[in-house]
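Asker: Dropping the sequence and predicted coords here.
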Amino acid sequence: MTTMMKKSKLITKAWKQISSKIAKHRFAEKPHIPHDVPKGHLVVYVGKEEESYKRFVIKITLLHDPTIRALLDQSKDEAYDDFTSGDSKLCIPCDETLFLEVLRCASPR
């Protein structure tokens with residue numbers, strides 16, 4: 001066996017070991033899903049100021065509702081460059097009363 005073939009096999013073996021370790025590490029880090037969020041739901045934080053955000057658990061299907069989408073679009077379009085906070089929380093900067101009214105009127109799916 002030539003020296004190049006030996007080096008190639010060693011490199012391939014090392015690559016497989018590294019890839020395996022990376023894959024194991026990725027699967028070990030499952031995203032944190034709060035225990036009080038049922039399957040098919042997500043958490044949304046609503047409020048004008050970050051300190052006063054109120055947490056809501058809503059059905060994912062509500063994201064298809066035009067009114068909810070408009071709120072999300074407005075959140076992006078306003079002075080909020082990123083409508084998720086640094087913690088990757090979905091935040092809607094609007095009045096809580098307005099949000100509750102939107103939820104009440106949103107079409108159920």
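Answerer: Right, received. Where do you want to start?

Asker: Show me which residues of stretch 65-76 are buried.
Answerer: 65, 68, 71, 75 (16 or more other Cβ atoms under 10 Å). (Glycine included, C-beta is placed from N, CA and C.)

Asker: Now, these that are in helices?
Answerer: In helices, defined here by DSSP state H, the members of the buried residues of stretch 65-76 are 68, 71, 75.

Asker: Just confirm residue 55 contacts residue 43, I think it does.
Answerer: Yes. Here residue 55 reaches residue 43: they are 6.0 Å apart, a contact under Cβ atoms under 8 Å.

Asker: Can you give me every residue that contacts residue 40?
Answerer: When the contact criterion is Cβ atoms under 8 Å, 6 or more residues apart in numbering, the partners of residue 40 are 59-61.

Asker: out of these, which are inside strands?
Answerer: Within the contacts of residue 40, residues falling in strands by DSSP state E are residue 59.

Asker: Show the buried residues in the contacts of residue 40.
Answerer: Under a neighbour-count criterion of 16+ other Cβ under 10 Å, the subset of these counted as buried comprises residue 59.
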